[in-house]
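> got a predicted model here, sequence first, then my questions.
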Amino acid sequence: MRTEDDTNTVISVMMKSSVTADMRELTTAEGFPSLTEFTIRLERSHLKKSAIINRREAHLMARFSAEQL
């Protein structure tokens, strides 16, 4: 979700690791709701193999296994 208010400030829901030095996390003390945890699920067809999907799966597993949420 991404919105823009009257001051041209962009507010976006994103992963904590994507927040750069020029951004800041908005908190419940500022009136923003806390976000619940989420699950990422990768479903694959066992009948059709794909090298691209295998590489994507490996990338996702490595990225999110190391992620500190």
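Alright, I've got the coordinates. Numbers count the residues shown, from 1 in each chain.

> closest to the centroid, which residue in the chain?
Among the residues of the chain, the one closest to the centroid is Met15, at 3.9 Å (CA atoms, centre = their mean).

> tell me the contacts of the residue of the chain most remote from its centre?
Distance from the centre of the chain peaks at Leu47, with 29.3 Å (CA atoms, centre = their mean). For Leu47, the contact set (CB atoms under 8 Å, 6 or more residues apart in numbering) is empty. Placement of C-beta: from N, CA and C, glycine included.

> got the phi and psi for it?
Leu47 adopts backbone torsions of phi -90, psi -20, taken as degrees, to the nearest 10.

> can you give me the strands in the protein?
Under the criterion DSSP state E, the chain contains strands at 2-4, 10-12.

> could you tell me the least trusted of these?
Among those, strand 2-4 carries the lowest mean pLDDT, at a mean of 51.

> I'd like to know which helix or strand in the chain has the lowest mean pLDDT.
Least confident helix or strand, the chain: strand 2-4 with a mean of 51, by mean pLDDT, DSSP states H and E.

> any stretches of this protein with poor pLDDT?
For the chain, the stretches flagged by pLDDT under 70 are 1-8, 38, 40, 66-69.

> for it, which segments count as helices?
Secondary structure of the chain (DSSP state H): helices located at 51-66.

> for burial, what's the neighbour tally of Glu57?
By the criterion of other CB atoms under 10 Å, Glu57 has 13 neighbours.
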